[in-house]
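*Asks:* what follows is a predicted protein model with its sequence.
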Amino acid sequence: MDQLEIFKALSNRSRLEILQWLKEPEKYFPVQESVGFDEAGVCVGQIQKKAGLTQSTVSEYLSTLQRAGLIKATRIGQWTYYKRNEEAFKELGELISNVL
């Protein structure tokens with residue numbers, strides 16, 4: 001766990017919103033017909049639409065979150081789906097409560 005990468009990733013309001021949305025995707029995104037949220041996560045197109053940002057900006061934000069280990073990507077056909085890495089959030093909570 002690269003602490004610096006994690007805290008850099010968390011230092012942006014839009015990236016924090018994306019993490020919040022991915023925590024409860026059924027609350028923030030329409031139902032996906034091809035694949036369930038539990039299975040693969042949320043399609044990048046849905047995240048981009050909800051964020052109201054350009055595709056390139058959203059892709060960069062998702063890459064930053066993925067490099068920090070906070071989300072995981074799954075490729076299905078031509079689409080990429082993202083979901084939170086809950087194990088990373090558990091480790092982050094332990095780091096904050098035990099070390100910082």
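*Replies:* Cool, the structure landed.

*Asks:* and stretch 5-22, how far apart are its ends?
*Replies:* In stretch 5-22, first residue to last residue: 19 Å (C-alpha to C-alpha, to the nearest Å).

*Asks:* what comes into contact with that stretch?
*Replies:* For stretch 5-22, the external contacting residues (C-beta atoms under 8 Å, 6 or more residues apart in numbering) are 28-29, 41-42, 47, 50-51, 53, 57-58, 61-62, 64-65, 67-71, 82-84, 88, 92. Glycine gets a C-beta too; all of them are placed from N, C-alpha and C.

*Asks:* buried sites along that stretch?
*Replies:* Neighbour counts over stretch 5-22 (16 or more other C-beta atoms under 10 Å) mark Ile6, Ala9, Arg15, Ile18, Leu19, Trp21, Leu22 as buried.

*Asks:* ramachandran angles for Phe29?
*Replies:* Phe29 adopts backbone torsions of phi -130, psi 150, taken as degrees, to the nearest 10.
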